[in-house]
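Undergrad: kindly generate the corresponding structure for this input.
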Amino acid sequence: MGLNKALIQGSARLAFDCVEGVTRIVEDMHESIAESASPLAWASRGSEPAHGKIAESVYSIIRGVNGTLRAGADQAGKLLPGQRGDPIKSEKEARLTAALNGIFGDHLEDTGNALAIPMMLIASGEALSLNKESLSKCLPRVTSHPVVFIHGLSLSEHSWKRGGTRIGDCLEQELDVTSLYLRYNTGRHISTNGRELARLLEQLCANWPVPIEALTLVGHSMGGLVIRSACWFADQARANWLNPLKNVVCLGTPHHGSPLEKAGHAFDLALRRIPHVEPLAVGRVRSAGIKDLRFGNLLDEDWNGQDPDRFEPDSRRFVPLLEGVNYFFIAASVGQAEKDLSGRLLGDLLVRLGSATGEHPDELRALQIDPQNCRIFHEKNHFDLLSDGAVHRQVIKWIAGDR
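TA: Residues are numbered from 1 along each chain as shown. Purely as a prediction, here's the structure:
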């Protein structure tokens, strides 16, 4: 089977964007070094203007050639068979595209790149059209209890089947539910995805083939933040889909941020303070979704009008859990026991325990999860939560109402 047209076109466009970005970095570094004082400045002073004009011309030529090649590649891509908007079905292509969206997703969307993933619901490997007739035909099993799974950063709907049986399949075997999987661009702001998910769930519930008695949302990592953001937007709009919402399950969700993004942000700041190295501080090009993970931003006001590349304290607005909804938090720890120092320091290697369980030194920010609705699984990492049988059984018990 040939490669998807969108993947070919989008990858080519992204490659040319990278060339342009690297050219800009080299030029900035060149200018930084050329403008610095030199012991031989008296001897080279007369040659600086010519040197600057030559360098400027060289970089302009590089940009011109790159732009011409990019335009030619865009035109050649139009001659490829297939449609630009054809959904990606191959698992390998979906995983690759998801990874690129996690890193560059906001850039892909802003530049109209064909690699930018549109938000959609997947069932049996096919994208769903959210009208009643289509849902009745395309869903292999329709029940009164849909369960929607939302993946994390740079992942896809295929990540739920990591080396074993999907948790959705386990739920359908044990309970009378219908499993659906969300595919979305994780490089966008969490609030942007949250708002769109709220609209999508409203459409889904309005056109579900049978009356919905219960709705469950399960999010892994960033997916849990997208769920909480969607719930906030839906609550503000008094959306109807909140009426059947019964359960929200968060697996390894960084409710108060991820130490990995905090460390990446600090490293980027350090690089920018070193003379001549500042242009190499490429961490600023990481996606909006990744930057939101620094503190766990859920709303537009948490990032709008602010510079995410500067050092700023946690000023996000507190978003409480919805009343009348059962929230369940699962965290992983690489430690062997609760008091194990490695587990306390490292958590699941990507998210610390306190963040995954909603704890916070400031009581006004703590999520106050019911202790019986919170579980920690030891000797497991962040991605084990997707495939571990014990985690699956715990989620099944909670959704079944057996706490």
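Undergrad: Gly401 and Ser315, how far apart?
TA: Per CB to CB, to the nearest Å, Gly401 is found 39 Å from Ser315. To be clear about C-beta, it is placed using only N, CA and C from the backbone, and glycine gets the same treatment.
Undergrad: same question, Val148
TA: Relative to Ser315, and taking CB to CB, Val148 is found at 31 Å.
Undergrad: which of those two has more neighbours?
TA: Val148 (22 against 10; other CB atoms under 10 Å).
Undergrad: gap between that one and Ile290?
TA: 23 Å.
Undergrad: just the strands in the chain please.
TA: 120-123, 126-127, 146-150, 178-183, 215-220, 245-251, 326-333, 374-378 (DSSP state E).
Undergrad: in contact with Phe318, which residues?
TA: Shown in contact with Phe318 (CB atoms under 8 Å, 6 or more residues apart in numbering): 364-365.
Undergrad: how close does it get to His255?
TA: Phe318 is 11 Å from His255, by CB to CB.
Undergrad: ok, now Ala94?
TA: Taking CB to CB, one finds Ala94 at 28 Å from His255.
Undergrad: got any ranges where the chain has weak pLDDT?
TA: 1-6, 8-89, 267-285, 308-309, 311, 402-403 (pLDDT under 70).
Undergrad: all the helices of it, residue numbers only.
TA: For the chain, helices defined by DSSP state H occupy the ranges 5-35, 41-44, 48-77, 91-110, 132-138, 167-174, 190-206, 222-237, 259-272, 288-292, 341-346, 353-356, 384-387, 389-400.
Undergrad: export the strands of the chain to TSV and tack on distance to Leu345?
TA: Rendered in TSV, the data for the strands of the chain read as follows (distance: least, CB to CB, whole Å):
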stretch	distance to Leu345
strand 120-123	37
strand 126-127	42
strand 146-150	28
strand 178-183	32
strand 215-220	22
strand 245-251	21
strand 326-333	10
strand 374-378	14
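Undergrad: residue closest to the middle of this protein?
TA: Ranked by distance to the mean C-alpha position of the chain (CA atoms, centre = their mean), the top residue is Thr186 at 2.7 Å.
Undergrad: surely that residue touches Ser154?
TA: Yes - counting by CB atoms under 8 Å, Ser154 is a contact partner of Thr186 at 6.0 Å.
Undergrad: who touches both of those two?
TA: What both Thr186 and Ser154 touch, as defined by CB under 8 Å, 6+ apart, is the set 98, 101-102.
Undergrad: which of those are buried?
TA: Buried members of these, counted by 16 or more other CB atoms under 10 Å: 98, 101-102.
Undergrad: distance of Ser124 from Asp169?
TA: For Ser124 relative to Asp169 (CB to CB), the value is 11 Å.
Undergrad: again, but for Leu225
TA: From Leu225 over to Asp169 (counting by CB to CB), the distance is 25 Å.
Undergrad: compare neighbour counts for those two and give me the winner.
TA: Leu225 (29 against 14).
Undergrad: which residues touch that one?
TA: Per CB under 8 Å, 6+ apart, neighbours of Leu225: 190, 194, 219, 253-255, 292-293, 296, 298.
Undergrad: just the buried residues from those residues, in PyMOL please.
TA: Applying 16+ other CB under 10 Å to the contacts of Leu225 leaves a buried subset, and the PyMOL line that selects it is:
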select buried, resi 190+194+219+253+254+255+292+293+296+298
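Undergrad: out of the contacts of Leu225, who's nearest Asn326?
TA: Gly219 (14.2 Å; CB to CB).
Undergrad: isn't the closest one up against Val249?
TA: Yes - between Gly219 and Val249 a contact is recorded at 7.2 Å, counting by CB under 8 Å.
Undergrad: any chance of the shared contacts of Thr186 and Ser154 in JSON lines with distance to Lys262 as columns?
TA: Output for the shared contacts of Thr186 and Ser154, formatted as JSON lines (distance: CB to CB, whole Å):
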{"residue": "Ala98", "distance to Lys262": "24"}
{"residue": "Asn101", "distance to Lys262": "22"}
{"residue": "Gly102", "distance to Lys262": "18"}
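Undergrad: one step back: which neighbours do Ser124 and Asp169 share?
TA: Counting by CB under 8 Å, 6+ apart, nothing touches both Ser124 and Asp169.
Undergrad: for Leu96, which non-adjacent residue is closest in space?
TA: Leu7 (7.5 Å; CB to CB, 6 or more residues apart in numbering).
Undergrad: show me what contacts that neighbour?
TA: 88, 93, 96-97, 114-115.
Undergrad: so how far is Ala337 from the residue lying closest to Val351 once chain neighbours are set aside?
TA: In space, and not counting its chain neighbours, Val351 is closest to Pro254: 4.6 Å by CB to CB, 6+ apart. Counting by CB to CB, the separation of Pro254 from Ala337 is 23 Å.
Undergrad: just Gly289 next, same as before
TA: Distance of Gly289 to Ala337, given as CB to CB: 34 Å.
Undergrad: which of these two has more neighbours?
TA: Here Gly289 and Ala337 are set side by side on neighbour count (other CB under 10 Å), and the busier one is Gly289, at 28 against 10.
Undergrad: measure that one to Arg310 for me?
TA: 18 Å.
Undergrad: next one: Ser179
TA: For Ser179 relative to Arg310 (CB to CB), the value is 42 Å.
Undergrad: for Lys380, same thing?
TA: For Lys380, the distance to Arg310 - CB to CB - is 35 Å.
Undergrad: between these two, which one's more packed in?
TA: Lys380 (23 against 9).
Undergrad: quick one: residues contacting the closest residue to that one other than its chain neighbours.
TA: In space, and not counting its chain neighbours, Lys380 is closest to Ala332: 4.2 Å by CB to CB, 6+ apart. Ala332 makes contacts with 252, 347-348, 356, 376-378, 380-382, 384-385, as judged by CB under 8 Å, 6+ apart.
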